[in-house]
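Would you be able to build a 3D model of this:
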Amino acid sequence: MTGSDILDDTTADHERLETELVAQDRDAARVATADIDEQSARRLVNDLIEDDMVRPIPDQQVLVHDPSGEAFDSITQLAVFHRGWRAARDAEDD
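Numbers count the residues shown, from 1 in each chain. Alright, predicted model coming up:
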């Protein structure tokens, strides 16, 4: 391309816009996992214990996420992990 054709070419603009829209769609589809406060984490973990998905090990002061086998010493870490684990499982089902 020469002269004014170079200035009129919008191919790169279109590709950048498409890339941006794909990134936005991907971000919107992701589940937020890091924005959980301690109170929400406690509620979630208590529900998971009631549903037999988490097993407390008092003598070791850990919580075991039974579906994955992962152990945690922090309720918040467990809650964030479970949200991510659940999101991954849901994505596999889609």
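
For the chain, name the helix or strand with the lowest mean pLDDT.
Among the helices and strands of the chain, helix 4-8 carries the lowest confidence by mean pLDDT, DSSP states H and E, at a mean of 60.

and Leu63, that's in a strand?
Yes - under DSSP: H, G, I helix; E, B strand; the rest coil, Leu63 sits within a strand.

Number of residues surrounding it?
The tally of other residues near Leu63 (other Cβ atoms under 10 Å) stands at 22. The way it works is simple: take the backbone N, C-alpha and C, and place the C-beta from them, glycine included.

who does it bridge with?
Pro56, Phe72 (DSSP bridges).

For it, give me the pLDDT.
Leu63 is assigned a predicted lDDT (pLDDT) of 95.

What distance do you get for it to Ser40?
16 Å (Cβ to Cβ, to the nearest Å).

same deal with Arg89?
On the measure of Cβ to Cβ, Arg89 and Ser40 end up 20 Å apart.

same deal with Thr19?
Thr19 is 34 Å from Ser40, by Cβ to Cβ.

just Asn46 next, same as before
Taking Cβ to Cβ, one finds Asn46 at 11 Å from Ser40.

Helices along this structure, start to end?
4-8, 11-29, 38-50, 75-93 (DSSP state H).

what's near enough to touch Ile49?
55-56, 63 (Cβ atoms under 8 Å, 6 or more residues apart in numbering).
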